[in-house]
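Trainee: Sequence first, predicted coordinates after that:
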Amino acid sequence: MKTSRRKFLTSISLLAAGIAMPISAFSFSSNKEKLKIVLVGTGIRGTGFWGKRLVDEFSDILEFVGLCDINPGRLKYAKSYMGVSCPTFVDFEKMILETKPDLVIVTTKDSTHHEFVIKGLDMGCDVLTEKPLTTDETKCQAILDAERRSNKNLIVGFNYRWSPYNTKIKELLRSNSIGKITSVDFHWYLNTYHGASYFRRWHGQRESGGTLWVHKATHHFDLLNWWIDSDPSEVFAYGDLEHYGENGPFRGDNCRTCTHKNDCDYYWDITKNEHLTKLYADNEKYDGYIRDNCLFRKEINIYDKMSAQVKYKNNVVLNYSLTTYSPFEGWRVAFNGTEGRIEAWLDIPYQKNETVNQAEMHAKEMNQKLEEEAKFEPIIVHKLWKDYDVENVAFERGGHGGGDKRLHDKIFKTPNEADEYDRAAGVRDGAMSVLIGIAARKSIESGEPIKIAELTDLEPRAKRIQ
Ligand SMILES: NC(=O)c1ccc[n+]([C@@H]2O[C@H](COP(=O)([O-])OP(=O)(O)OC[C@H]3O[C@@H](n4cnc5c(N)ncnc54)[C@H](O)[C@@H]3O)[C@@H](O)[C@H]2O)c1
């Protein structure tokens, strides 16, 4: 089987070195032909991180040659917001045929990723997709098959691996600071701003986002697979919807027109944000996509409380939970090993003497240009029979803990630099992380543990491979 990550990075490395490429003769040098990129899915992530940021930071080495979306109004706004002059399309295949790109970036809603990943590869392009790779095991197998029959490259944009705090945890585990890992506790708390945001839009429907077991937890399972350095083999899970959806005391069509504005703690005025208004509200007439939907609407069919046990092929046992209506946003992880324990956490307010504005915190996390003071966050390494050590790690909040910009730099600026932490993710990583969430869903539905090997033809391994 091909090793996608290496394959992708090799091709980009060759670009950086100015060597003629199978995909076309271009290089990252500004006076030669640039990397030709198309983007499908001109929503907030596509136009921002994979759109305007690439234009602002990397225009000397790449150019957008096409944008595609099903919503023509959003496409028009996306083009002006990103500051590009390329043509726009509502038909993906037409875009590929007419623009002949080197690289397709996929930032559509999750349930449609497979369509553009597979078509992109089959039509002779390298593909970079946002997480999650896909939302069910059948689509996952179809992507695996497409990647194998293609001589092109597929990369999954797992940004969390690239934050310095998460990288430090990897370094501590890899250097055997606590011996062999035996079990892990990982708990993620989404607050009532960030958590609620998923219930306002398509993420609230399992047929669009695969539930937060896939949409959100793919980030966490990818980190865990990478940290534990093994593949998951079996999953048992519980989950329920007890806070959002039909549990709400009242409901309206959307926040703008709601008669419960004054009674609803979740009331959110999208019109206060010009960018979001232009991107979504102004273009509702084309596709009926309501960005400020009622999070108490009855159609919500995802879980808001999730808990799983995952057994890894190397015998590590993981206890995982995801909460979506916490008063604060933060997370904790602890690794038990044969020679000690590592504890790490971010943003647990009671462990700091500072008051955090939860609404501001969510905005900062999404901000790609945040100017920040240097901050340090602790990781505890506690060896058996010894006193504990505190490792203070430089921390950034903007752009997903500093992961976003480092991922860009790796892909577009320094692809040929060796990465000792093995952070670039390919199709196998993308698949293994969504398969845990897919298995968790199936476990809740069946009441049985689910074996990862039964979902696709990927065979879990005790030691992860790319
Ligand atoms: N890595 C991260 O931290 C991170 C952060 C945010 C979003 N994401 C991912 O980015 C993707 C986009 O998320 P978003 O928040 O920008 O969503 P969004 O709803 O703002 O954007 C999705 C866009 O896709 C378009 N679309 C939907 N179906 C389509 C189709 N069949 N063909 C063409 N266009 C289609 C929609 O019209 C919309 O413009 C998701 O997969 C999400 O998981 C990743």
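Mentor: Yep, that arrived.

Trainee: Let me know whether Gly157 touches Lys410 as I believe.
Mentor: No: in this structure Gly157 lies outside contact range of Lys410 using CB atoms under 8 Å: 10.8 Å. C-betas here are computed from N, CA, C, even on glycine.

Trainee: more crowded one of those two?
Mentor: Gly157 (22 against 17; other CB atoms under 10 Å).

Trainee: If you drop the residues flanking it in sequence, what lies closest to the more buried one?
Mentor: Closest residue in space to Gly157, ignoring its immediate chain neighbours: Glu130 at 5.2 Å, by CB to CB, 6 or more residues apart in numbering.

Trainee: OK, contacts around the one you found?
Mentor: Neighbour list for Glu130: 41, 45, 50, 106-107, 113, 156-157 [criterion: CB atoms under 8 Å, 6 or more residues apart in numbering].

Trainee: among those, which two are most distant?
Mentor: Farthest apart among those by CB to CB are Gly41 and Val156. That separation is 14.9 Å.

Trainee: Name the residue closest to the centre of the protein, please.
Mentor: Centroid-nearest residue in the chain: Lys131, 4.0 Å away (criterion: CA atoms, centre = their mean).

Trainee: Quick check on that one: phi, psi?
Mentor: When read as degrees, to the nearest 10, the backbone of Lys131 gives phi -70, psi 160.

Trainee: ditto for the one 5 residues further on
Mentor: With angles defined as degrees, to the nearest 10, Asp136 sits at phi -150, psi 170.

Trainee: burial count for the closest residue in space to it that isn't next to it in sequence?
Mentor: For Asp136, ignoring the flanking residues on the chain, the nearest one in space by CB to CB, 6+ apart is Ile438 at 6.0 Å. By the measure other CB under 10 Å, the count of residues near Ile438 is 28.

Trainee: Show me which positions of the host helix or strand of Ile438 end up buried.
Mentor: Secondary structure from DSSP states H and E places Ile438 in helix 427-446. Neighbour-count burial for helix 427-446, counted by 16 or more other CB atoms under 10 Å, picks out 427-444.

Trainee: Now do the same for Tyr320: helix, strand or coil?
Mentor: When classified by DSSP: H, G, I helix; E, B strand; the rest coil, Tyr320 comes out as strand.

Trainee: okay, now it: neighbour count?
Mentor: Neighbour count of Tyr320, defined by other CB under 10 Å: 24.

Trainee: For the stretch 351-466 of the chain, what lies in contact range of the ligand?
Mentor: Within the stretch 351-466 of the chain, the residues that sit near the ligand (CB under 6 Å from any ligand atom) are His400.

Trainee: For the stretch 351-466 of the chain, give me the ranges with low pLDDT.
Mentor: 353-356, 362, 364-374 (pLDDT under 70).

Trainee: Just give the closest residue to the closest residue to the ligand within it, not the sequence neighbours.
Mentor: Using CB to the nearest ligand atom, the closest approach of the stretch 351-466 of the chain to the ligand is made by His400 at 5.2 Å. The shortest distance from His400 to any non-neighbouring residue, by CB to CB, 6+ apart, is to Asn159 (5.0 Å).

Trainee: Give me the nearest residue to the closest residue to the ligand within the chain, chain neighbours excluded.
Mentor: Going by CB to the nearest ligand atom, the ligand is nearest to Gly43 of the chain, at 1.8 Å. With sequence-adjacent residues excluded and distances taken as CB to CB, 6+ apart, Gly43 is closest to Thr107, at 6.6 Å.

Trainee: got the contact list for the one you found?
Mentor: Thr107 neighbours (CB under 8 Å, 6+ apart): 39-43, 45-46, 50, 130.

Trainee: Tell me which of these fall in helices.
Mentor: 45-46 (DSSP state H).

Trainee: in the stretch 351-466 of the chain, which spans are helices?
Mentor: 358-366, 398-401, 403-408, 427-446 (DSSP state H, counting those that start in this stretch).

Trainee: If you could redo that for the stretch 51-200 of the chain, that was the one I meant.
Mentor: Counting by DSSP H, counting those that start in this stretch, the helices of the stretch 51-200 of the chain are 53-58, 72-82, 92-99, 113-122, 137-149, 164-174, 194-200.
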